[in-house]
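Peer 1: sequence first, then the predicted structure:
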Amino acid sequence: MAAVIQKIVTSGQFSLDGGTWDVDNNVWLVGDDAEVIVIDAPHDADAILDAIDGRTVLAIILTHGHNDHINAAVELGRATGAQVWFPPEDRMLWDAEHDTPPEQELHSGATFEVGGTTLRAIPTPGHSPGSTSLYAPDLGAVFTGDTLFNGGPGATGRSYSDFPTIIESIRERLLTLPDETVVHTGHGDDTTVGAEAPHLQEWITRGS
């Protein structure tokens, strides 16, 4: 069986800068009947484990350090035996949530093999300093965390974020992918590179 993409949604809270918001987060599983990679680990380790359904977890990859993407990561790692990969530029966000460090640093160009396909880490900072997207060309897919959504860039009005940086990341690293590439986001619905690309100037005009 070739690798497929599976989505589950978990619910919880996002907290930063003294505010707290109720959120629904997407968790992405990429793999086959035997093995899987988990992209982001929010809120509910048991729900993610149910979706893993006994498969071997090769890695838990976190797109960035906001608590609503990482707060179940340590528990999920312990339950599966998989190592957590995390962008070191976001370590201050990790340390605000967890007492133990992530096992592996996620750097630009890192590749992960699962079910006959490859995911490659692409740095897409702006929403946070370490925000990272994962590109799977064989699947025609990119997992963008909170960098690019259906309708525009992720929020940049909070600590450690920067609007010009996220625009540069989207323009130079994501909108250069093939138009048919499906964008699997950290929240909400999918989109495609081709659907979002025509709106870049609108986002720049609108600002953060």
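Peer 2: The structure has been received and is ready for your questions. Numbers count the residues shown, from 1 in each chain.
Peer 1: which phi and psi does the residue lying closest to residue 100 once chain neighbours are set aside have?
Peer 2: Closest residue to residue 100 apart from its sequence neighbours, by C-beta to C-beta, 6 or more residues apart in numbering: residue 74 at 6.3 Å. Bear in mind the C-beta positions are built from the backbone N, C-alpha and C, glycine included. When read as degrees, to the nearest 10, the backbone of residue 74 gives phi -70, psi -50.
Peer 1: neighbours of residue 74, just the number please.
Peer 2: Residue 74 has 21 neighbouring residues, counting by other C-beta atoms under 10 Å.
Peer 1: also residue 146?
Peer 2: Counted with other C-beta under 10 Å, the neighbours of residue 146 add up to 27.
Peer 1: how about it, what does it touch?
Peer 2: Residues near residue 146 by C-beta atoms under 8 Å, 6 or more residues apart in numbering: 63-64, 66, 69, 127-128, 131, 154-155, 185-187.
Peer 1: at 10 Å what do you get?
Peer 2: 14, 25, 40, 63-64, 66, 68-69, 124, 126-128, 131, 153-156, 161, 166, 185-187 (C-beta atoms under 10 Å, 6 or more residues apart in numbering).
Peer 1: pLDDT weak spots in the chain?
Peer 2: For the chain, applying pLDDT under 70 flags the ranges 1, 208.
Peer 1: quick one, helices of it?
Peer 2: In the chain, the segments counted as helices under DSSP state H are 45-52, 67-70, 73-80, 91-97, 163-169, 193-196, 200-206.
Peer 1: list just the one of the ones you listed that sits closest to residue 180.
Peer 2: Closest approach to residue 180 among the helices of the chain is made by helix 193-196 (6.4 Å; C-beta to C-beta).
Peer 1: got the contact list for the closest one?
Peer 2: By C-beta under 10 Å, 6+ apart, the surrounding residues in contact with helix 193-196 are 140, 142, 144, 148-153, 170, 174-183, 203.
Peer 1: which of these fall in strands?
Peer 2: Among these, the members found in strands (DSSP state E) are 142, 144, 148-149, 152-153, 182-183.
Peer 1: show me which pair in the residues you listed is furthest apart.
Peer 2: Maximum pairwise distance among those (C-beta to C-beta): 17.6 Å, between 153 and 182.
Peer 1: so for those two, which sits in the more crowded spot?
Peer 2: Using other C-beta under 10 Å, the more surrounded residue of residue 153 and residue 182 is residue 153, with 25 against 16.
Peer 1: state the distance from that one to residue 163.
Peer 2: Distance, residue 153 to residue 163, by C-beta to C-beta, to the nearest Å: 8 Å.
Peer 1: overlap in contacts of those two?
Peer 2: Here residue 153 and residue 163 have 126-127, 203-204, 206, 208 as joint contacts, going by C-beta under 10 Å, 6+ apart.
Peer 1: which one of those residues is nearest residue 79?
Peer 2: For these, the nearest to residue 79 is residue 127 (27.8 Å; C-beta to C-beta).
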